[in-house]
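J.: Compute the structure for the input listed below.
(chains A, B, C and D)
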4 protein chains.
Amino acid sequence: MTTKIQIDLNSDVGESFGVYQLGLDEEVIPHITSANVACGFHAGDPAVMRKTVSLAKRYGVEVGAHPGFPDLLGFGRRNVDATLEEIQDYVVYQTGALMGFALSQGLRLQHVKPHGSLYNMAVTNPKIWEAIAEGVAKVDREIILVVLASARKKSLLEIGKRHGIRVAFEAFPDRAYNNEGALVSRREKGAVIHDHEVVAKRALKMALEGKVIAFDGTEIDLEADTLCVHGDNPAAVEMVKKIRQELKDAGVTVLPMKWFV
Amino acid sequence: MTTKIQIDLNSDVGESFGVYQLGLDEEVIPHITSANVACGFHAGDPAVMRKTVSLAKRYGVEVGAHPGFPDLLGFGRRNVDATLEEIQDYVVYQTGALMGFALSQGLRLQHVKPHGSLYNMAVTNPKIWEAIAEGVAKVDREIILVVLASARKKSLLEIGKRHGIRVAFEAFPDRAYNNEGALVSRREKGAVIHDHEVVAKRALKMALEGKVIAFDGTEIDLEADTLCVHGDNPAAVEMVKKIRQELKDAGVTVLPMKWFV
Amino acid sequence: MTTKIQIDLNSDVGESFGVYQLGLDEEVIPHITSANVACGFHAGDPAVMRKTVSLAKRYGVEVGAHPGFPDLLGFGRRNVDATLEEIQDYVVYQTGALMGFALSQGLRLQHVKPHGSLYNMAVTNPKIWEAIAEGVAKVDREIILVVLASARKKSLLEIGKRHGIRVAFEAFPDRAYNNEGALVSRREKGAVIHDHEVVAKRALKMALEGKVIAFDGTEIDLEADTLCVHGDNPAAVEMVKKIRQELKDAGVTVLPMKWFV
Amino acid sequence: MTTKIQIDLNSDVGESFGVYQLGLDEEVIPHITSANVACGFHAGDPAVMRKTVSLAKRYGVEVGAHPGFPDLLGFGRRNVDATLEEIQDYVVYQTGALMGFALSQGLRLQHVKPHGSLYNMAVTNPKIWEAIAEGVAKVDREIILVVLASARKKSLLEIGKRHGIRVAFEAFPDRAYNNEGALVSRREKGAVIHDHEVVAKRALKMALEGKVIAFDGTEIDLEADTLCVHGDNPAAVEMVKKIRQELKDAGVTVLPMKWFV
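T.: Reported below is the predicted structural model:
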């Protein structure tokens, strides 16, 4: 931490598909600084990608690719035992596709954050982070890779260094952590925190102190560059506004990760 | 025509998908100068795209996107009454996706050539060429748009100019033309010419004189920058070799379109 | 018309896909008598099909297949120039798939009603009705084919007879008709009627008199066996309830088409 | 074994998709007795299904569904951590879809055999066999479920009994087995046997004695009702002919499993 504390707020957006609407993108995007845009494999389609990039641009929000497994039916939330090579190809393809829409609107991609099972599988298998990092680096070394803030910080920084890209650490204010800094599985009771006051307080603690209170009450280190927030429903959007306001009130600068990572 | 005649040879490649193999890419790519790579909508997949770009790179063949309708089942050969906006989005998405693989291997895209029904629909509806040209231009003004050489040459050049991109005209040595310079529909008998001698002679005439003998015997103008050849089967590959050899023997320089368009 | 007037109410349901929710199936199904269930090509997925069949069963609503083009991205609303053979194959596939879920719950399919562009293309090209009718007949001659009530009544009945299946005629109380009994295109202003009172009155007139007031004020014949209603939003569901109540108040028996077609 | 030995020969067919051709169905189908037809999820499409059923019918070969994961890109060979409910839904959907084509040609489905990863996952997790068996039983209790012949025979028979369906045990003459009767993973060297003489001899031993020589030389029990053979290439087809001829020469009756399971 420096005297001037900075943090990024990211959210998964652009998850509609064809006639199917998902997420309150128009409501949440104005309040975040980095938009993770679905790229057509687990969600999103070309028209949705164009509109989402346009929406982000309007609010000065940075755009990143949110690549997932090619499993629209499962929304990218089911593990697929793809090879590392397949995973890298999926990342390159989807990052490129979104880059097409970013370039079309005069933008560059700020970051890549894997989605759903791809993210979760990477968290438990560093070889997957490596494959993803290499894919991102091959496309554009200016792109930041967003990974889970955890005890593995050092090895993840090394992966980034090895491929010449920056790595941003992400934390989840509304998710319970165990005392080793890992996310408590969504299947566990209490894994997701719904109380706005509590979530906002956790976001503040993450931003100001780089710490979180784990499931068992222990205070643990969790240095994050970006906090993940949600726009699934009106309540979620309210929570985002609250988090942003409280960060501001506490003197934290909320800005896109590219400025400080 | 200048005293030193130049022509490009292009071919549709990268049309395999998953376990499904299609086309003799390894055999045909060494003999062409521009590779139109399928981008996953009507054919191709991320792994195939990576391998195809790699193969093209190995032989110094320029890479271009070959976007089609999202109709793998119909191989992009069925008209889909998509809106102009949808078409442009499809072009941006697929061009971007292939750009991901090109960048990954240190290459830039040379061109975009629409596939199948998308190409055919554009030929009969200039608004579709316009939508495609605009999409290409938005992504990267260095990319050349490949269109059908025909009587419409002037209006197509204007579309290119309007969007600040170069346009390359394509002719088909193995396809019959009517006396207005349009392709005879594949449903007509004699629409596709299989005799290697005849096809090679037509290719030469196109390259050397900018002319073709139409279906009814008339000689018509058909100035082309690139000739489309095929790698579907061993006989097709032999035809490509023959065409290239005869062009060379006639003193024609066969090289990527980017050098002279 | 007989002294005891009978009519069926059908609605397109089961259009959700994966995480994507569409339509208020739970609200509208209790008020209809025939459910047109999407079969996974333009909408719907295996889990949604199972749940939708189960929901219909719970309320004694008859189940039918709602086959569409394989175009999830376009929700089956874009014309695809598929061959008659492809269309028939799509109908057989989707009807069979839904039959799997119907049999699983001890039900038989009552009907097949093509969706979106497939329906619209059939309306303007009787060869498509013929291909569909033949497909339905091949799978199960007990299945009723739902077609648009129009001036073509006689030729459609003949198609049914030729293939040994029953044909049910469908009318749309909330859609404007021209004076030849054809639907006014949705692109025209006034094509869709939103006033509940007006729609209910039209439904009544269709059921009681077999007539409708066309766009130009003319009263024309439109004998229908089933009226199509919608469950897209709460207002639509209210309209369905109103239509059903008014039909009941007018002494019309609302029951599945299989009992009287 | 009875004095008159009977065995079925099954093969995976109908794996082409759109323009993509896979497998020598026309060559192999005349020599088998049961055809496992892909149903559009991992391979196959409506037209291919129709043609494959027709081909099987022409040669008096029984037709069964070969359902797989919805992963055309991975040909159903990648594990997907779908829930048991999702798996059952996939089986019901695909079985129903093929039933549509079988009924269209006056046939009933003889069997269901899961494909690729779905099969392999079931082999290591009996709950998946249970989910599949229940799905099959719900659609039609006349359908036989094909499972891997192994030491688990008793528990698999119980699953069949529990759901009121017959179970057929399958063995692979060209695959190595370990001494517990499980297939050696394809990743191991020697897992697939290519020598026609050896494979034919193994097929004979399986049919005549219900035994196989395991990888380590041990002779183990492996009672099978059906032997899986392949039609991927001309050599494979020759192997099928050889197996069939040798079985015949040894007095084994080769006939569809439905006659004796």
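J.: And the contacts of the one helix or strand residue A:237 maps to?
T.: Per DSSP states H and E: residue A:237 is located in helix A:234-249. For helix A:234-249, contacts defined as Cβ atoms under 8 Å, 6 or more residues apart in numbering or on different chains pick out A:7, A:9, A:11, A:24, A:27-28, A:31-32, A:173-174, A:196, A:199-200, A:203-204, A:207, A:227, A:229-231, A:254. For every residue, glycine as well, the C-beta is placed using N, CA and C.
J.: In helices only, show me those residues.
T.: Secondary structure from DSSP state H places A:27-28, A:196, A:199-200, A:203-204, A:207 of those in helices.
J.: who wins for neighbours among these?
T.: The most crowded member of the ones in helices among the contacts of helix A:234-249, judged by other Cβ atoms under 10 Å in any protein chain shown, is residue A:203 (29 neighbours).
J.: In contact with the closest residue to that one other than its chain neighbours, which residues are there?
T.: With Cβ to Cβ, 6 or more residues apart in numbering or on different chains as the criterion, residue A:203 has its nearest non-adjacent residue at 3.9 Å, and that residue is residue A:173. Each residue near residue A:173 by Cβ under 8 Å, 6+ apart is listed here: A:193, A:199-200, A:202-203, A:206, A:227-229, A:243.
J.: Any quick PyMOL command for the buried ones out of the residues you listed?
T.: Remark: buried members of those, expressed as a PyMOL selection using 16 or more other Cβ atoms under 10 Å in any protein chain shown:
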select buried, chain A and resi 199+200+202+203+206+227+228+229+243
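J.: biggest separation within the contacts of residue A:173, which pair?
T.: Based on Cβ to Cβ, the longest span within those runs between A:200 and A:228 and measures 14.1 Å.
J.: Give the burial count for the closest residue to chain B within the stretch 151-261 of chain A, as a bare number.
T.: Closest approach between the stretch 151-261 of chain A and chain B, counting by Cβ to the nearest Cβ: residue A:163, at 12.1 Å. When neighbours are counted by other Cβ under 10 Å, residue A:163 registers 18.
J.: can you check residue A:250 too?
T.: Neighbours around residue A:250, by other Cβ under 10 Å: 12.
J.: re earlier: ok, and the closest non-adjacent residue to the residue of the stretch 151-261 of chain A closest to chain B?
T.: Here the residue nearest residue A:163, using Cβ to Cβ, 6+ apart, is residue A:137, at 3.8 Å.
J.: List the contacts of the one you found.
T.: Contacts of residue A:137 (Cβ under 8 Å, 6+ apart): A:143, A:163-165.
J.: and the residues you listed, which of them are in helices?
T.: residue A:163.
J.: CA atoms only for the helix or strand hosting the residue nearest to residue A:163, dumped as CSV, please.
T.: Per DSSP H and E: residue A:137 is located in helix A:126-139. C-alpha atoms of helix A:126-139 as CSV (Å, rounded to 0.1, in the frame of the first residue of the first chain):
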residue,chain,number,x,y,z
PRO,A,126,-1.0,-23.4,-12.3
LYS,A,127,-0.3,-25.0,-15.6
ILE,A,128,-3.6,-23.6,-16.8
TRP,A,129,-2.6,-20.1,-15.7
GLU,A,130,0.6,-20.6,-17.6
ALA,A,131,-1.2,-21.6,-20.8
ILE,A,132,-3.5,-18.6,-20.5
ALA,A,133,-0.7,-16.2,-19.7
GLU,A,134,1.2,-17.4,-22.7
GLY,A,135,-1.8,-17.0,-24.9
VAL,A,136,-2.5,-13.5,-23.7
ALA,A,137,1.2,-12.6,-24.2
LYS,A,138,1.3,-13.9,-27.7
VAL,A,139,-1.7,-11.7,-28.7
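J.: Determine the set of other helices and strands touching the helix or strand just after it.
T.: Once helix A:126-139 ends, the next helix or strand along the chain (criterion: DSSP H and E) is strand A:144-148. Counting by 3 or more Cβ pairs under 8 Å, 6 or more residues apart in numbering or on different chains; DSSP states H and E, the packing neighbours recorded for strand A:144-148 are strand A:111-112, helix A:116-124, helix A:126-139, strand A:167-171.
J.: How about residues contacting the last one?
T.: Put plainly, it is strand A:167-171. Residues contacting strand A:167-171 (Cβ under 8 Å, 6+ apart): A:8, A:10, A:111, A:113, A:133, A:144-149, A:153, A:156-157, A:159-160, A:206, A:212, A:222-228, A:257, A:261.
J.: Now do that strand, average pLDDT.
T.: For strand A:167-171, mean pLDDT rounds to 97.
J.: Give me the sheet partners of that strand and which way each runs.
T.: strand A:144-148 (parallel), strand A:226-229 (parallel) (DSSP bridges).
J.: in it, what's buried?
T.: Quick answer for strand A:167-171 (16+ other Cβ under 10 Å): A:167-171.
J.: Likewise for the third one?
T.: Along helix A:126-139, the positions that meet the burial threshold by neighbour count (16+ other Cβ under 10 Å) are A:126, A:128-139.
J.: same deal with stretch A:250-261?
T.: Buried, per 16+ other Cβ under 10 Å, within stretch A:250-261: A:252, A:254-258, A:261.
J.: Farthest pair within those residues?
T.: Farthest apart among the buried residues of stretch A:250-261 - using Cβ to Cβ - are A:252 and A:258, which lie 17.1 Å from each other.
J.: need the contact list for the residue in chain A that chain C sits nearest to.
T.: Closest residue of chain A to chain C, Cβ to the nearest Cβ: residue A:20 (3.6 Å). Residues near residue A:20 by Cβ under 8 Å, 6+ apart: C:17, C:20-22.
J.: could you redo the last one with a cut-off of 6 Å?
T.: If you count contacts by Cβ atoms under 6 Å, 6 or more residues apart in numbering or on different chains, residue A:20 has them with residue C:20.
J.: what do you get for residue A:210?
T.: Here residue A:210 is in contact with residue A:223 (Cβ under 6 Å, 6+ apart).
J.: roughly how far apart are it and residue B:253?
T.: Distance of residue A:210 to residue B:253, given as Cβ to Cβ, to the nearest Å: 63 Å.
J.: helix or strand for the closest residue to residue A:99 other than its chain neighbours, which one?
T.: The spatial neighbour of residue A:99 that comes closest, neighbours along the chain excluded (Cβ to Cβ, 6+ apart), is residue B:96 at 5.0 Å. Using DSSP H and E, residue B:96 sits within helix B:84-104.
J.: Compute the inter-axis angle for that helix and helix A:84-104.
T.: 120 degrees (axes from the mean of the first three to the mean of the last three Cα atoms, to 10 degrees).
J.: for helix B:84-104, packing partners?
T.: Helix B:84-104 sits against helix A:46-58, helix A:84-104, helix A:126-139, helix B:46-58, strand B:62-66, helix B:126-139, with contacts defined as 3 or more Cβ pairs under 6 Å, 6 or more residues apart in numbering or on different chains; DSSP states H and E.
J.: nearest to residue D:186, of these?
T.: Residue D:186 lies closest to helix A:84-104 among the helices and strands packed on helix B:84-104, at 17.3 Å (Cβ to Cβ).
J.: buried ones in the closest one?
T.: For helix A:84-104, by 16+ other Cβ under 10 Å, it's A:86-104.
J.: just how off-centre is that helix within its chain?
T.: 16 Å (Cα atoms, centre = their mean, to the nearest Å).
J.: Which residues belonging to stretch A:20-40 are considered buried?
T.: A:20, A:22-25, A:27-40.
J.: contacts for stretch A:68-84?
T.: Stretch A:68-84 is contacted by residues A:41-42, A:115-118, A:121, A:127, A:131, C:18-19, C:45, D:70, D:73, D:78-81 when judged by Cβ under 6 Å, 6+ apart.
J.: Just the terminal-to-terminal distance for that stretch.
T.: Chord length of stretch A:68-84, first to last residue, is 14 Å (Cα to Cα, to the nearest Å).
J.: Report the buried residues of it.
T.: By neighbour count on 16+ other Cβ under 10 Å, the buried set for stretch A:68-84 is A:68-80, A:82.
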